[in-house]
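> coordinates only, sequence not included:
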């Protein structure tokens, strides 16, 4: 007679976000990076209230190496490097995120329209994307800054206008792929309007690769802002890490601390973002989610 | 195939024209009157201002102005810089060789080293090499180029005074072609390594990924089943296939290379396009700025077309030759 | 047809394991033994996942450590044990003493080289011919394989050919050095039925008379057409073996009986209950979760208590055996 296997009650299926978190958390570098990044964010949020309020204030002897008096030393104007670093965390992160948001709006907007409507709209928008891709981004951004008087909004604008193309391409590819799937057809058959289909049906399904891209984009924007403020093409009254490096350009030779710490700060922040992005990428990978 | 090249050339030219049009509108959008924009603070004479009004047709309606502008560019007249007191084309072409040299050196270095590292890592996935590649690609991605340059300077020009700290040549520059060339090369080592660093990250990562994917392909299994030597399997069969996405990526990176060169040249005080652009931005010298934009866009377009052609050469599936079935 | 005095290939007690990502180790081939005589074709039949492809790769020593590992057993080709050879020595044998053709010819051919180049390369590697000589031999091979316009095809790329032509190219590559043993892993599964027949005919014609062939398939029709003897595999075990006639006309293992009963027979259509086709109930067990004892027992309608331990290979005659307690009990 056939051998019987006992009936097993299967446990309820895991909710998708929980799976994502589980796979992500199992990735130790990614988890570590998340913790460090949260630390940096907290430093940016609360730090400026703990250290001296004005990073531009000349508090000490110029070019003091790291010592008891100045934790990380002072720059050529006697400004405290540590204070500037903490304030810089807030501004750099904020500008990075603002620039990312602008890039998202432009990139995802254009990509979604191109992908969904196809045909002439698609062709035109892709030609536009191709055009923007031909302009080297820093060169173009530098020229854009001349159109305005220096301010952080100008920087955000320049970064956004110059970096949206890869995101647009990705979004378009995702929309084209998802558009062809049956549940979109079902939504249309049920009479949903284009806008509704885009927002409620397609976009949520496109999220995984977009989320990874957007995470990495924050890192790109931070690096870009650093380059622009290093060159001095930003609001001189806003202390960012890039500005610190650029300001001390003539002095780093003998006073390495004036540039090494802000640079390290940028490196660590972007590195954490990259590790988190990789971790998310793995976490969304269906093969790795099955375990 | 012929149709392919022609189409790409036409597309490239139309993109270039679009950049010219963009430049025109940037001039219009810039704060201040168009004349002021074109003259900047160069201290032009009455005479010169009048000539500018005529050359650019600034009293005409916008449409005509655009037409005049485009026509000028097409005849090779990128305008005149009052700061440098030269034609824009002259200014740019003086600075261009340094940038091209730097760019090519960095591209060469990063491509070769990147591919070697990536392939070695793919062949030994658990070995140290693979971890090195992962580390390099992560840190390389996150490091600001200009800061890396400064750190390189501190390390190799200050603590270990092995390399010069700035400039293209010693002062005064050596006489004779060979000594001059060697001197320049010596000065370009640190900048080239700095610029190469960033690309090393992405190229090594891509090489490893591409090679790993190819090594898992069925046709590699077939090559092994036919008893081909290990060297043949890896270098003849696998590498040729893995090279395809790598070549594509290298070609498309040129825009990034230019942006990186701007920063590196600024840090190392090299007389290239970078500091030129920076100076013209500071002084609002639009003819030079926009001239640089146009030229760099042209270079990117050229690189794209070149990459496309190379891609067709390596991958026979794209070529479109037909054989009777 | 009985094997000659000593067989061309003798596999004995071959056990192959794979280490999975989660740390489990599964046994893909479990004490597999088989022989192939000179000039003989052995069919290896089984469903997906039974280990037949791994068997082919294992004989070629293409099972890659560290994930895949030959744990024990011998593979004697002629008077050599292939398990004992190192990689360099195996590379000398592959293509020359052993040849293999794969299931999916499009992905199994290198897309960036012409087919002529790929065939000639095998020859140049093993026989040291010049480019011109090897090219000429390749052309000759393509003619023998009845490829239309062979001169033209020599310079074609794989993506420019049809599936049937690509498979012929694979056969050319595998046979050009006249190997003693050819392993064909589902050579026609990816092709149209009409092309299948052509490929089988070609295989029969073009093989050197004394060489042996192992044909791996899931199709009894192919086995009946091509093979002299057959081995039935299930979950990594050889559960039955014998001549094709013996196994097809009087299958001894319940699984084989079930498989054969599943082949729809139009002459017996009347005996099928209305609207149903016969099937073997249940599904193939996952290799990570094998049942105790005989792997087929959960699906077997004649399982007895003894089936919770692995049955031995019960001999039923010359070259005929089955791994089943029922056979043991009925002796």
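Arrived safely, thanks for sending. Given the structure is predicted, the values throughout are model-derived calculations rather than measurements.
> Moving C-terminal from whichever strand or helix holds residue A:282, which element do we reach first?
Element membership for residue A:282 (DSSP states H and E) is helix A:257-284. Using DSSP H and E, the helix or strand that follows helix A:257-284 towards the C-terminus is helix A:286-289.
> just checking, what packs against that next one?
Judged by 3 or more Cβ pairs under 8 Å, 6 or more residues apart in numbering or on different chains; DSSP states H and E, the packing partners of helix A:286-289 are helix A:16-26. The way it works is simple: take the backbone N, C-alpha and C, and place the C-beta from them, glycine included.
> hmm, back to that, can you tell if the helix holding residue A:282 touches chain B?
Yes - using Cβ under 8 Å from any Cβ of the partner chain, helix A:257-284 reaches chain B at A:259-260, A:262-263, A:266-271, A:273-275.
> Most neighbours out of those, which is it?
residue A:262 (31 neighbours; other Cβ atoms under 10 Å in any protein chain shown).
> Quick check: the gap between it and chain C.
Distance, residue A:262 to chain C, by Cβ to the nearest Cβ, to the nearest Å: 42 Å.
> That residue and residue A:85 touch, don't they?
Yes - using Cβ atoms under 8 Å, residue A:262 is in contact with residue A:85, at 6.3 Å.
> which residues do those two both contact?
A:241, A:244 (Cβ atoms under 8 Å, 6 or more residues apart in numbering or on different chains).
> picking that back up, quick check: of the residues of helix A:257-284 next to chain B, which lies closest to residue C:149?
Nearest to residue C:149 among the residues of helix A:257-284 next to chain B: residue A:274, at 53.5 Å, using Cβ to Cβ.
> Contact partners for the closest one?
A:33, A:216, A:219, B:138, B:141, B:142.
> ok, now residue C:181?
C:8, C:9, C:36, C:59, C:77, C:97, C:98, C:99, C:211, C:212, C:213, C:214.
> Do I have it right that the first one meets residue C:42?
No - the pair formed by residue C:8 and residue C:42 falls short of the contact definition of Cβ under 8 Å, at 9.9 Å.
> out of the two, which sits in the busier spot?
residue C:42 (28 against 22).
> Test my guess that that one contacts residue C:230.
Yes - counting by Cβ under 8 Å, residue C:42 touches residue C:230, with 7.0 Å between them.
> picking up where we left off before, take the contacts of residue A:274 and keep only those in helices.
A:33, A:216, A:219, B:138, B:141, B:142 (DSSP state H).
> I'd guessed the last one sits against residue A:264; true?
No - using Cβ under 8 Å, residue B:142 is not in contact with residue A:264, being 10.4 Å away.
> quick one, helices of the chain?
Using chain A. Counting by DSSP H, the helices of chain A are A:16-26, A:28-50, A:81-117, A:119-134, A:137-145, A:152-163, A:165-179, A:182-189, A:194-196, A:203-230, A:241-247, A:257-284, A:286-289.
> that's the other chain; I wanted chain C
C:52-59, C:87-93, C:105-108, C:115-127, C:131-144, C:150-154, C:163-175, C:193-206, C:220-226, C:244-249, C:254-262, C:325-329.
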